[in-house]
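[1] Provide a 3D model corresponding to the input given below.
(chains A and B)
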Amino acid sequence: MAAASNNPPLLEVKNLRVEFPTRRGTLLAVDDVSFDIAPGEVLGVVGESGAGKSLTGNAIIGLLEPPGRIAGGEIRLEGRRIDNLPYEEMRKVRGARIGAIFQDPLTSLNPLYSVGRQLVETIQTHLPLSGSQARARALDLLKEVGIPGAEMRIDHYPHQFSGGMRQRVVIALALCAGPRLIVADEPTTALDVSIQAQIIALLKRLCREHGTAVMLVTHDMGVIAETADRVAVMYAGRIAEIGPVRDVVKHAQHPYTKGLMGSIPSLGVRTERLTQIDGAMPRLTEIPKGCAFNPRCTVLGQRCMVERPELMAAGASRAACWHHDRGGVGQPVAKETVNA
Amino acid sequence: MLAFILRRILQSIAVLLAVGLVAFSLFRYVGDPINAMVGQDTTMEQREELRQKLGLNDPAPIQFAKFIANAARGNFGLSYRTSEPVGRMILERMPATLELSFCAALFALFVGVPMGVYTGLYPRHWTSRLLQAISLIGISLPTFLIGILLILIFAVSLHWLPSFGRGQTVQIGWWTTNFLTVKGLQALILPSITLGLFQLTLLMRLVRSEMLEVMRADYIKFARARGLTNRAINFGHALKNTLVPVITVTGLQLGALIAFAIVTETVFAWPGVGQLFIQSVQFSDIPVMAAYLLLIGLLFVLINLTVDLLYFAVDPRLRGGGLARAGGH
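    Okay, here's the model as predicted:
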């Protein structure tokens, strides 16, 4: 992060809004989200299910599932606007400039084609290589992601690989055409815990070697703490806090982030009880007035009930919380009155 | 693989024996064959003599064994109606039915599958909705009505196509074919459409629902994320994944096309096996009915065997099952 801070960002997301038209009105699933990713940087995006983190990732790779659509803002990759590209233009960006890794390696690969064929197909879609050159590149990639016996395994079918090995193949597929950015959506969630660490280490090493930036979407704070340079915490479609990973983990500024950190057990520290955040994230149809976190917040003020906070400087990070505003939160509000 | 094929063949033989048993019992339950063969003034002694000669006094299992042994050599006895060998009667009419069924199957496949792919890819497009509505008609109208309507329009009103018979045929060895003359090909059009229409709508609806299912799969989304072209995704990845159920249904329906060509053959006076069967039922011509039953049984068994082998060609997961573990990390 430090080395990259003066360079122009690789990815710029500005005021992104993603909405879902439904019969009972339009739901705003991603609301005014802005962030940058520098070349080679790993940005972690955390949040509960439904916080809008996967949708943000899908919006960036241009694969929002209809009826979901980008309703506002812009996305720029290497300075070029990509959120309004026609399908065919965006197709050429996908795979070539932005790679993607999805949650479940067991279902990400087509069961009817050998992994070699899927690699060659992707390579030849984006690079002007002959069949044998593409196959040689595919073989190199398989070796690079640590598939033992790659010469033989290249002709095997997905069902002949274990989950961890399949996710390695998926990573090789994402790296095929040398993308500048990889959007990894929960890449380890479906894997055994022992495999998770291997895959994260592999992803980290490969991206460092290739200078590829990563947007790592996960709900696993542990993975973020290990891997990411910066982290964005999402809540109810907005970024609650964003900052360098060490600051966010050690000195969380937003009450929601504090709650998240308190819910992670740590070795060596004896805790009687892990803290937890009461309640659940509001549904998109029921986002309260003011700060979206107010029904669950323990340090609530009058202002939080009426005015919605934007991201503001908070320590070394930026947080969307009135506690960091010069005006403060106003008169404290007791928990009971909120629930009533 | 080889073990699988052997097992399948053994199962097929068991099925055919069961069908043979049903065919054999036709003889025993549909009246005394001797009555059908001799005149009214034949004495009891002569009848008994004939019975003895034909082996009808043997115990049932021995008769059954003889029946199967004869059937296996293509000897189904003489027709009660025409006194011709049944095997030859069926063989003469088989080409007509096979060619008709073949054309109907081609029609259903080459129109039904593309329609299914299209409606599966663009489910909201108005042409898809139109095709869906038309397919409802195809699936709900009875075959004979479609045949009669087609005759009314294209034969009676427009005079474009013949309304009955095979037209002109060419003899190649024992096989008579429609394919080599214009008249023969014209005569094939209406019956093939009539016979194939139901299968077409069935296939279209099957492919459509399979496509809708597959397009939601993760590997399709990942293929998009890899930046593959729509063409590669739709036809290379999606369509191939719909093939296994489509092959199953196509195979079964091909059998059904041949077995149930009866109605179409009757409507178009098509001189095929189905028509022969209808005539045999009217005359209680048991040997023909029994042979027809066995033949259809054989066809279904052969088609299912082929379908099973095709699965191996399409789906690698069925091939080297042992390799998965042996090749693991």
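
[2] Provide a list of residues in contact with the residue in the stretch 151-300 of chain A that chain B sits nearest to.
    Residue nearest to chain B within the stretch 151-300 of chain A (C-beta to the nearest C-beta): residue A:157, separated by 4.2 Å. For the C-beta atoms, the positions are set from N, CA and C on the backbone; glycine is no exception. By C-beta atoms under 8 Å, 6 or more residues apart in numbering or on different chains, the contact list for residue A:157 reads A:111, A:112, A:113, A:114, A:115, B:316, B:317.

[3] tell me the domain boundaries of chain B?
    Domain ranges of chain B: B:2-72, B:91-319, per automatic domain parsing.

[4] circling back: of the contacts of residue A:157, which is the most crowded?
    Among the contacts of residue A:157, residue A:115 has the most neighbours (other C-beta atoms under 10 Å in any protein chain shown), with 28 neighbours.

[5] Not counting its neighbours along the chain, what's nearest that residue?
    residue A:169 (5.0 Å; C-beta to C-beta, 6 or more residues apart in numbering or on different chains).

[6] quick one: contacts for the one you found?
    A:105, A:109, A:115, A:118, A:119, A:142, A:145, A:147, A:158, A:161.

[7] helix or strand for the nearest residue to the last one once chain neighbours are set aside, which one?
    Residue nearest to residue A:161 in three dimensions, not counting chain neighbours: residue A:169, with 6.5 Å by C-beta to C-beta, 6+ apart. With secondary structure defined by DSSP states H and E, residue A:169 is part of helix A:163-175.

[8] Buried residues, that helix. List them.
    Using 16 or more other C-beta atoms under 10 Å in any protein chain shown as the test for burial, helix A:163-175 gives A:164, A:165, A:166, A:167, A:168, A:169, A:170, A:171, A:172, A:173, A:174, A:175.

[9] okay if I get those as TSV plus pLDDT?
    Converted to TSV, the buried residues of helix A:163-175 look like this (pLDDT from 0 to 100):
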residue	pLDDT
A:164	87
A:165	90
A:166	91
A:167	90
A:168	91
A:169	93
A:170	92
A:171	91
A:172	92
A:173	92
A:174	91
A:175	90
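
[10] and the residue in the stretch 51-200 of chain A that chain B sits nearest to, how far is that from residue A:175?
    Evaluated by C-beta to the nearest C-beta, the stretch 51-200 of chain A has residue A:95 as its residue closest to chain B, separated by 2.8 Å. Residue A:95 sits 10 Å away from residue A:175, going by C-beta to C-beta, to the nearest Å.

[11] Quick check: phi and psi on residue A:234?
    When quoted as degrees, to the nearest 10, the phi and psi of residue A:234 stand at phi -110, psi 140.

[12] Run through chain B and note the low-pLDDT ranges.
    B:30-31, B:33, B:36-37, B:320-329 (pLDDT under 70).

[13] give me the beta-bridge partners of the residue positioned nearest the centre of chain A?
    In chain A, the centroid-proximal residue (C-alpha atoms, centre = their mean) is residue A:217; its distance is 2.3 Å. Under DSSP bridges, the beta-bridge partners of residue A:217 are residue A:45, residue A:185.

[14] wouldn't it be in contact with residue A:188 here?
    No: Residue A:217 lies out of contact with residue A:188 (C-beta atoms under 8 Å); the separation is 11.0 Å.

[15] between the contacts of residue A:157, which is closest to residue B:152?
    residue A:112 (45.8 Å; C-beta to C-beta).

[16] Now do the phi/psi pair for the closest one.
    Backbone geometry at residue A:112, expressed as degrees, to the nearest 10, gives phi -90, psi -10.

[17] For the residue nearest to it when sequence neighbours are not counted, grab the count of nearby residues.
    Nearest residue to residue A:112, sequence neighbours excluded (C-beta to C-beta, 6+ apart): residue B:240, at 5.3 Å. Using other C-beta under 10 Å, residue B:240 has 16 other residues around it.

[18] Secondary structure element for residue B:240, which one?
    helix B:240-259.

[19] From residue B:87, how far out is residue B:287?
    For residue B:287, the distance to residue B:87 (C-beta to C-beta) stands at 10 Å.

[20] Comparing those two, which shows the higher neighbour count?
    Set residue B:287 next to residue B:87 and count neighbours by other C-beta under 10 Å: residue B:287 wins out with 22 against 19.

[21] and that one, what element?
    Judged by DSSP H and E, residue B:287 forms part of helix B:286-314.

[22] Could you give the separation of that helix from the chain centroid?
    In this view, helix B:286-314 has its centroid 8 Å away from the chain centroid, taken as C-alpha atoms, centre = their mean, to the nearest Å.

[23] hmm, the helix or strand hosting residue B:186 in reach of chain A?
    Per DSSP H and E, residue B:186 falls inside helix B:182-215. No: Helix B:182-215 does not reach chain A (C-beta under 8 Å from any C-beta of the partner chain); its nearest approach is 9.9 Å.

[24] Please identify which residue in the stretch 201-329 of chain B comes closest to chain A.
    Counting by C-beta to the nearest C-beta, the stretch 201-329 of chain B gets nearest chain A through residue B:227, at 2.8 Å.

[25] follow-up on the earlier one: what angle separates the helix or strand following the helix holding residue B:186 from helix A:163-175?
    Per DSSP H and E, the first helix or strand lying C-terminal to helix B:182-215 is helix B:218-225. Interaxial angle of helix B:218-225 relative to helix A:163-175 (axes from the mean of the first three to the mean of the last three C-alpha atoms, to 10 degrees): 20 degrees.

[26] Give me the packing partners of helix B:218-225, helices and strands only.
    For helix B:218-225, the elements it packs on are strand A:98-101, helix A:105-108, helix A:163-175, judged by 3 or more C-beta pairs under 8 Å, 6 or more residues apart in numbering or on different chains; DSSP states H and E.

[27] and the ones you listed as CSV, adding distance to residue A:292?
    Formatted as CSV, the helices and strands packed on helix B:218-225 follow (distance: least, C-beta to C-beta, whole Å):
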stretch, distance to residue A:292
strand A:98-101, 28
helix A:105-108, 32
helix A:163-175, 33
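
[28] Minimum distance to residue B:276: which of these has it?
    Nearest to residue B:276 among the helices and strands packed on helix B:218-225 is helix A:105-108; the distance by C-beta to C-beta comes to 52.0 Å.

[29] Keeping just the C-alphas, turn that closest one into CSV.
    What follows is helix A:105-108, C-alpha atoms only, in CSV (Å, rounded to 0.1, in the frame of the first residue of the first chain):
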residue,chain,number,x,y,z
PRO,A,105,-14.5,-24.5,-6.8
LEU,A,106,-16.6,-27.7,-7.0
THR,A,107,-19.1,-26.0,-9.3
SER,A,108,-17.0,-23.3,-11.0
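
[30] helices or strands next to the helix or strand that it is followed by in the packing?
    Beyond helix A:105-108 on the C-terminal side, the first helix or strand identified by DSSP H and E is helix A:115-126. If you count contacts as 3+ C-beta pairs under 8 Å, 6+ apart, helix A:115-126 packs onto helix A:131-144, helix A:163-175.

[31] Let's see that with 6 Å instead.
    Applying 3 or more C-beta pairs under 6 Å, 6 or more residues apart in numbering or on different chains; DSSP states H and E, we find helix A:115-126 packed against helix A:131-144.

[32] Domain-wise, how is chain A divided?
    According to automatic domain parsing, chain A comprises the domains A:11-235, A:238-265+A:282-339.

[33] Quick one: the strands in the stretch 151-300 of chain A, in order.
    Assigned by DSSP state E, counting those that start in this stretch, the strands in the stretch 151-300 of chain A fall at A:181-185, A:213-217, A:230-235, A:238-244.

[34] And chain A, is the longest helix belonging to chain B touching that?
    In chain B, taking DSSP state H as the definition, the longest helix is helix B:86-121. No: Helix B:86-121 stays clear of chain A (C-beta under 6 Å from any C-beta of the partner chain), getting no nearer than 13.4 Å.
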